[in-house]
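Visitor: One predicted model, sequence on top.
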Amino acid sequence: MSRANHRLMEIVVENTIVALNALAQSQGVPLSMIDANFNDVLAATGPVQLTRSTWQYLTEVTGQEFTWERVSGITEPLLVHDVLILPVIAFGNGQSHSNAGPPTDEAALVHHQFKGSWKMGSHAYKEMQKAEEAS
């Protein structure tokens, strides 16, 4: 969530356009013909892009390089300039890879089911499903 015309959202849009154009160029196709796999989506338009753009914005406004290490493991909300960074438990609870607590933790704001319906057409997602079924 952000206020209208916030510079961070401008950076997200700019970086997303650059990433999609680079993906199209790497595949030798126009934007409308991109064949994005799971990782492409995460990096170009998803949470990876949002995170990278946030670090870029915070570096821009604070004058100091801002990286994941500055917020990894926080247990309380952290206000940096005009960006409120929440601990992983707030939205990523129940994720063992992030050492997040359970959805029942009082710091959990919502519980994301991570169903991934958007991934159903993804080649990488189908490969993941096959691997899970085989194990």
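Guide: Cool, the structure landed.

Visitor: Now the helix ranked longest in the chain: average pLDDT?
Guide: Using DSSP state H, we find that the single longest helix of the chain is helix 7-27. Averaged over helix 7-27, pLDDT sits at 96.

Visitor: what's the offset of that helix from the middle of its chain?
Guide: The chain centre lies 14 Å from the centre of helix 7-27; the measure is CA atoms, centre = their mean, to the nearest Å.

Visitor: Which neighbouring elements make contact with it?
Guide: helix 38-44, helix 47-62 (3 or more CB pairs under 8 Å, 6 or more residues apart in numbering; DSSP states H and E). Yep, even glycine has a C-beta here, placed from its N, CA and C like the rest.

Visitor: mind putting those helices in TSV, mean neighbour count and distance to Arg70 included?
Guide: Below are those laid out as TSV (neighbours: other CB atoms under 10 Å; distance: least, CB to CB, whole Å):
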stretch	mean neighbour count	distance to Arg70
helix 38-44	17	21
helix 47-62	16	8
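
Visitor: Ser72: which of those helices is closest?
Guide: Among those, the nearest to Ser72 by CB to CB is helix 47-62 (11.5 Å).

Visitor: Which parts of the chain belong to which domain?
Guide: For the chain, automatic domain parsing gives the domain ranges 1-72, 86-135.

Visitor: Could you double-check that Ile89 lies in contact with Ala107?
Guide: Yes - between Ile89 and Ala107 there is a contact under CB atoms under 8 Å: 4.5 Å.

Visitor: higher neighbour count, the two?
Guide: More crowded of Ile89 and Ala107, by other CB atoms under 10 Å: Ile89, with 22 against 15.

Visitor: give the contact list for that one.
Guide: Contact analysis of Ile89 by CB atoms under 8 Å, 6 or more residues apart in numbering lists 75, 100-101, 105, 107-108.

Visitor: want to try CSV for the domains of the chain, with distance to Leu79 as columns?
Guide: Supplementary listing: these in CSV, determined by distance: least, CB to CB, whole Å:
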stretch, distance to Leu79
domain 1-72, 11
domain 86-135, 10
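
Visitor: Which among those is found nearest to Val80?
Guide: Of all the domains of the chain, domain 1-72 sits nearest to Val80, with 5.5 Å by CB to CB.
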